[in-house]
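A.B. asks: let me see the structure of the following:
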Amino acid sequence: MPGLNQAPLAKLGVPLIIFALIVGGWMIANRYRDAHETLPNTGVGREQCALWFVGSSSIHRWTSMSRDMQPWTAHNRGINSATYADILPRFAHINPGEGKPRAIILYAGENDIAEGVPVRMVIRQLAAFLDLRHTKLGDVPVLVLSMKPSPGRRANLPQQRLFNAAAQALIPHSPATYYADITAPLLKDGQLGDNYQPDGVHMNPQGYRIWADVVRQRLTDILPRDVVRDCTK
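C.D. replies: Sure, this is the predicted structure:
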């Protein structure tokens with residue numbers, strides 16, 4: 001008797017439809033919000049000495065950044081668990097009123113590779129970021145950090161090494177773009193040192209001090225001498 005079952009099914013269908021509309025609306029709203037949000041921003045100090053640290057959770061969780069990078073003004077603009085799909089639209093919506101940093105330090109792509117994105121696609125996304133930097137900020141230097149090895153992602157190490165090599169090949173073709181090797185300093189006798197949090201992926205304070213030392217040295221190498229002098233005295 002099909003007619004006997006239609007009323008209960010109809011009653012059941014209404015809540016399901018309402019639920020679907022609510023969830024669908026929430027997803028659309030989130031996508032719209034994400035597409036119009038800019039990067040998070042922390043950092044107080046001399047804006048003429050500002051550095052933007054852009055990237056995924058390895059940047060976002062660098063909670064000692066402002067202290068580690070003193071007297072530079074370090075703006076933590078990392079996004080927890082981000083891939084390039086999260087970073088690029090937000091970077092595209094940076095506010096021109098924020099001014100220009102002296103340099104952008106970029107760490108991104110590790111989560112993309114962990115999620116199975118091919119290295120060639122991650123490199124294309126890096127190239128897209130560099131092009132977008134030129135469009136939004138002109139010749140502001142970008143310091144691309146190598147992809148770090150980590151105990152929790154040993155299986156990704158071959159792809160990470162491939163990314164590092166490909167990034168170094170790409171960088172000479174992008175104006176005002178430079179490479180910083182944070183991989184070798186994290187190794188001791190070819191093995192991973194004690195530089196990681198218990199999750200085996202993110203840095204502990206000792207690991208971040210290694211990052212800071214590398215970034216400082218590379219900024220000294222790539223920025224005008226008078227800028228480095230004025231911003232580090």
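A.B. asks: hang on, residue 105 in a strand?
C.D. replies: Yes. Assessed by DSSP: H, G, I helix; E, B strand; the rest coil, residue 105 belongs to a strand.
A.B. asks: residue 58 is in contact with that one, correct?
C.D. replies: No. Under the criterion of C-beta atoms under 8 Å, residue 105 is not in contact with residue 58, lying 11.2 Å apart. Heads up, the C-betas are built off the backbone N, CA and C, glycines and all.
A.B. asks: so where do the strands sit in this structure?
C.D. replies: Using DSSP state E, the strands of the chain run over 50-55, 73-78, 103-107, 142-145, 177-180, 187-188, 191-192.
A.B. asks: with mean neighbour count and mean pLDDT added, can I get those in JSON lines?
C.D. replies: Below are these laid out as JSON lines (neighbours: other C-beta atoms under 10 Å; pLDDT from 0 to 100):
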{"stretch": "strand 50-55", "mean neighbour count": "25", "mean pLDDT": "96"}
{"stretch": "strand 73-78", "mean neighbour count": "24", "mean pLDDT": "95"}
{"stretch": "strand 103-107", "mean neighbour count": "25", "mean pLDDT": "98"}
{"stretch": "strand 142-145", "mean neighbour count": "25", "mean pLDDT": "98"}
{"stretch": "strand 177-180", "mean neighbour count": "20", "mean pLDDT": "98"}
{"stretch": "strand 187-188", "mean neighbour count": "11", "mean pLDDT": "84"}
{"stretch": "strand 191-192", "mean neighbour count": "12", "mean pLDDT": "82"}
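A.B. asks: tell me the contacts of the residue nearest to the spatial centre of the chain?
C.D. replies: Geometric centre of the chain, nearest residue: residue 55, 1.1 Å, by C-alpha atoms, centre = their mean. Neighbouring residues of residue 55 by C-beta atoms under 8 Å, 6 or more residues apart in numbering: 78, 79, 82, 87, 105, 106, 107, 108, 145.
A.B. asks: mind checking the end-to-end distance for stretch 148-168?
C.D. replies: End-to-end distance of stretch 148-168 (C-alpha to C-alpha, to the nearest Å): 15 Å.
A.B. asks: residue 204 is in contact with residue 195, isn't it?
C.D. replies: Yes. The pair residue 204 and residue 195 qualifies as a contact (C-beta under 8 Å) at a distance of 6.1 Å.
A.B. asks: of these two, who's got more company?
C.D. replies: More neighbours surround residue 195 than the other of residue 204 and residue 195, with 22 against 12 (other C-beta atoms under 10 Å).
A.B. asks: pop out the phi and psi values for the more buried one.
C.D. replies: phi -120, psi 20 (degrees, to the nearest 10).
A.B. asks: got the strands of the chain as a markdown table, with distance to residue 117 columns?
C.D. replies: As requested, these are exported to a markdown table (distance: least, C-beta to C-beta, whole Å):
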| stretch | distance to residue 117 |
| --- | --- |
| strand 50-55 | 15 |
| strand 73-78 | 19 |
| strand 103-107 | 16 |
| strand 142-145 | 17 |
| strand 177-180 | 21 |
| strand 187-188 | 25 |
| strand 191-192 | 24 |
